[in-house]
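Enquirer: I need the structure of the sequence given here:
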Amino acid sequence: MVKIIFSDMDGTLLTSANELPEGFDEAMSDLKRRGVIFAPASGRQYFSLLKSFDKYRDEFLFLGENGTLVMYKGAEIFSAPIGFEMAHEVLAASEIFGDDILRVWCGKKDAYLRREQEIPTFRAELEKYYTHNGTVDSWSDVDDVPLKISFFDPTGRSKEKIFDRLAKFHDILQVVLSSDYWVDVMSPDINKGVAVRNIQRTMNFKPEECAAFGDYLNDTEMLKAVGYGFAMSNAHPDIKRLAKFETVSNDQAGVLVGIRRLIAYGLI
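Expert: Purely as a prediction, here's the structure:
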């Protein structure tokens, strides 16, 4: 029987209008009644997830920052910082990108951007994923454990403009394409799948007692770590190939449809 359900946010749980699907609260009430934990698993900041699910802050397990921080009922279950020295090295290397690429220091307490990059385009995008944020004059002013360094390309060409140009770090860090717009640089030993396996060990869940929903490449390891991995119909082709199951798109409430399938088959 499934005891916990992990779900990516953007392109998976949320609609294209960045909204929760109709019927979400009813589905969560049903899961709670059945003793199943729901776990948003996202590249988004923990505080951003809390804002999205404020009424569920004491019920949901939150897997934030692509697995680098896991929180449950206000307590830290697991974290995987990148380290101050490496964070500064990555940011120094990113200077070749120029000012048209947003750089974000993602810490446990806050997310930070440099003051000269506080422009409307970057600020609007930052607020979507990092609702708890601040500005600094220099990266040396940041006194917060770096969970990851994130980069945003407003043109949607993050692979060639960011990912490929961070090639020197590919063998020593996790450089992850989170979308066509965002790239995350994290500890070499972390991803959503590693976080899920840590949760399984800590909370005594077997893989076959876990389900997950995802749509993009940063969901790969998470889907592999569970017994019931669902790809959205709008998912990246590689995600569709590896997932054991497929559900309808995020705009058709695919996560809720998948949950209803698990209930119908007596797996919840």
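
Enquirer: From G64, how far out is the residue nearest in space to the middle of the chain?
Expert: Among the residues of the chain, the one closest to the centroid is S42, at 1.9 Å (Cα atoms, centre = their mean). Note on S42: its distance to G64, by Cβ to Cβ, to the nearest Å, is 6 Å. Where you see a C-beta, it was placed from the backbone N, CA and C, and this is true even at glycine.

Enquirer: and if you look at G98?
Expert: Distance from G98 to G64, by Cβ to Cβ: 29 Å.

Enquirer: Walk me through the domains of the protein.
Expert: Domain ranges of the chain: 4-79+191-264, 84-186, per automatic domain parsing.

Enquirer: hang on, the earlier thing: any common contacting residues for S42 and G64?
Expert: Common neighbours of S42 and G64, counting by Cβ atoms under 8 Å, 6 or more residues apart in numbering, are L49.

Enquirer: Surely D184 forms part of a helix?
Expert: No: assigned with DSSP: H, G, I helix; E, B strand; the rest coil, D184 falls outside any helix and is strand.

Enquirer: so the closest residue to it other than its chain neighbours is in which element?
Expert: Nearest residue to D184 in three dimensions, chain neighbours excluded: V176, at 4.7 Å (Cβ to Cβ, 6 or more residues apart in numbering). For V176, the host element (DSSP states H and E) is strand 174-177.

Enquirer: Give the pairing partners of that strand; include direction for each.
Expert: The pairing partners recorded for strand 174-177 under DSSP bridges are strand 182-186 (antiparallel).

Enquirer: where's the strand it pairs with relative to the chain centroid, distance-wise?
Expert: Distance of strand 182-186 from the chain centroid (Cα atoms, centre = their mean, to the nearest Å) equals 10 Å.

Enquirer: Counting neighbours, which bits of that strand end up buried?
Expert: Buried residues in strand 182-186, counted by 16 or more other Cβ atoms under 10 Å: 182-186.

Enquirer: what residues does it touch?
Expert: Contacts of strand 182-186 (Cβ under 8 Å, 6+ apart): 43, 65-68, 80, 82, 90, 129, 147-153, 158, 162-163, 166, 169, 173-178, 218.

Enquirer: Just the ones of those residues in helices?
Expert: Among these, the members found in helices (DSSP state H) are 90, 129, 158.

Enquirer: Go through those residues and name the one nearest I37.
Expert: Nearest to I37 among these, counting by Cβ to Cβ, is Y129 at 23.0 Å.

Enquirer: how close does that closest one get to G43?
Expert: 7 Å.

Enquirer: Likewise for K159?
Expert: Distance from K159 to G43, by Cβ to Cβ: 16 Å.
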